[in-house]
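Engineer: A structural model of the following input is requested.
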Amino acid sequence: MNLRRALFSGGVVVVFTAAGLFAADNSTGGAVTSPAVYVPDMSHANGPLPDGVLAWNSLTLETNVETGQELARFTFGFTNVATRADISLVTNVVTTASLTTTNITAVTNFTPVSVVITDTHASCGCTTAQLPQKPWIIPPGGTGNFGVTVNLAGQTGMLFKMITVFTDKGSKDLFMRINIQPLVIPSLTDAERARDVEIAKADRQAVFKTDCATCHVRHAEGKYGKPLYDMVCAVCHETEHRAATVPDLHNLKVSTNDEFWRTWIAHGRAGSLMPAFSTADGGPLNDMQIATVAAYLNTAIPPQPVPAATNAPASK
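Structural biologist: Down below sits the predicted model:
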């Protein structure tokens, strides 16, 4: 009797369990579906991209940059004008009193289609394209654009760069030309130089507030090391007709080192014409800019051992 009750109880468990399974299936309609995924035809991906697929704003872009600028930036835009040719045969039967004629005509319909940008490849490591996503599906008639940056560190003159865009319908080469403008240190007349000296005597930080700010502030933006020195410091220290009160940094009669240059660039000297370039003192340069200029000067002008009593450069 106990054995029969146990078997019956087990049977009930099995029935209830199976019922639970059937209920679960019915709650989902009995089928599992996945969202539709666009599948491109990649049979032409390895060839050149034909005309009439992507209409570009330009295949070659050009920009001019100042010496010392870190990056050149470009934006390529396009419109998807791709279509698929659908050819069908139409049969026309013409019957007259004495003759029946059958004509078969080919009819072509053009259907707009999507284009998929799968990747890009640059001509060198300094050039990078910024796609919003990969793969990037461009719907029929859709437009888009993407940026390209070129790292200009250590480069001069005229540069030519290339980006290859790969799609499901072939690849396209896009070109960039960069004209790096030669450094031009503005020259001052004797009268202009004398005027600026008088202004600086009254306020050594005036070079960051008056017309002098064009050279000492605007040209400092985004620059470091030698390019920063060339654009901001050389206008006073490297000009052929340097003012008598401006020291020749290559012939200082004092010992120098990295800390020496940092201190004088950052804080200048009160009571002289040498301004304080640190932002903390009202100047335009951050700590990293000051450090890179100091490092450049420490290399360009070989340091000397610092004596027991630290000397300072002659004031402006």
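Engineer: residue contacts, residue 103?
Structural biologist: Residue 103 sits next to 91-94 when contact means CB atoms under 8 Å, 6 or more residues apart in numbering. Backbone N, C-alpha and C define where each C-beta goes, glycine included.
Engineer: Please identify the helix or strand for the residue most central in space within the chain.
Structural biologist: To find the centre residue of the chain, average its C-alpha atoms and take the closest one (CA atoms, centre = their mean): that gives residue 149, at 3.6 Å. Secondary structure assigned from DSSP states H and E places residue 149 in strand 143-151.
Engineer: who touches that strand?
Structural biologist: In this structure, residues lying in contact with strand 143-151 by CB under 8 Å, 6+ apart are 57, 70-80, 126-132, 136, 138, 159, 161, 163, 174, 176, 178.
Engineer: which SS state does residue 280 fall under?
Structural biologist: Counting by DSSP: H, G, I helix; E, B strand; the rest coil, the backbone at residue 280 sits in helix.
Engineer: how close does the nearest residue to it once chain neighbours are set aside sit to residue 277?
Structural biologist: In space, not counting the residues next to it along the chain, residue 280 is nearest to residue 266; the distance is 7.7 Å by CB to CB, 6 or more residues apart in numbering. Residue 266 sits 6 Å away from residue 277, going by CB to CB, to the nearest Å.
Engineer: More neighbours: which of these two?
Structural biologist: Under the criterion of other CB atoms under 10 Å, the comparison of residue 266 against residue 277 puts residue 277 first, with 28 against 20.
Engineer: and the end-to-end length of stretch 51-71?
Structural biologist: Criterion CA to CA, to the nearest Å; first-to-last residue distance in stretch 51-71 is 31 Å.
Engineer: residues near residue 153, how many?
Structural biologist: Residue 153: 12 surrounding residues under other CB under 10 Å.
Engineer: And the pLDDT for it?
Structural biologist: For residue 153, the model assigns a pLDDT of 83.
Engineer: which SSE is it in?
Structural biologist: With DSSP H and E as the test, residue 153 turns up in no helix or strand.
Engineer: mind listing what it touches?
Structural biologist: Shown in contact with residue 153 (CB under 8 Å, 6+ apart): 70, 126.
Engineer: got it, and residue 138?
Structural biologist: Taking CB under 8 Å, 6+ apart, we find residue 138 in contact with 54, 78, 80, 114-117, 144.
Engineer: What of residue 78?
Structural biologist: When contacts are counted by CB under 8 Å, 6+ apart, residue 78 is found next to 54-57, 138, 143-145.
Engineer: Equivalent analysis for residue 159, please.
Structural biologist: With CB under 8 Å, 6+ apart as the criterion, the residues that contact residue 159 are 72, 150, 152, 177-178, 180.
Engineer: which regions of the protein lie under the pLDDT threshold?
Structural biologist: Applying pLDDT under 70 to the chain flags the ranges 1-31, 105-108, 183-190, 192-193, 201-202, 206, 210-219, 239-243, 304-316.
Engineer: What ranges does the chain have for its strands?
Structural biologist: With DSSP state E as the definition, the chain shows strands at residue ranges 54-56, 60-66, 71-80, 83-95, 100-112, 115-122, 127-130, 136-138, 143-151, 158-167, 170-181.
Engineer: which stretch among the ones you listed comes nearest residue 198?
Structural biologist: strand 60-66 (29.9 Å; CB to CB).
Engineer: Just the buried positions in that closest one, please.
Structural biologist: Of all the residues in strand 60-66, those buried under the rule 16 or more other CB atoms under 10 Å are 61, 65-66.
Engineer: same question, stretch 41-55
Structural biologist: When burial is assessed from 16+ other CB under 10 Å, stretch 41-55 yields the following buried residues: 45, 49, 53-54.
Engineer: you'd agree residue 56 is up against residue 175?
Structural biologist: No. With contact defined as CB atoms under 8 Å, residue 56 does not reach residue 175; the gap is 11.1 Å.
Engineer: List the contacts of residue 111.
Structural biologist: In this structure, residue 111 makes contact with 83-84, 86, judged by CB under 8 Å, 6+ apart.
Engineer: Quick one: buried ones out of those residues?
Structural biologist: So, of the contacts of residue 111, none ends up buried under the neighbour-count rule (16+ other CB under 10 Å).
Engineer: Closest to residue 200 out of those?
Structural biologist: The nearest one, if we look at the contacts of residue 111 relative to residue 200 and count by CB to CB, is residue 83, at 68.2 Å.
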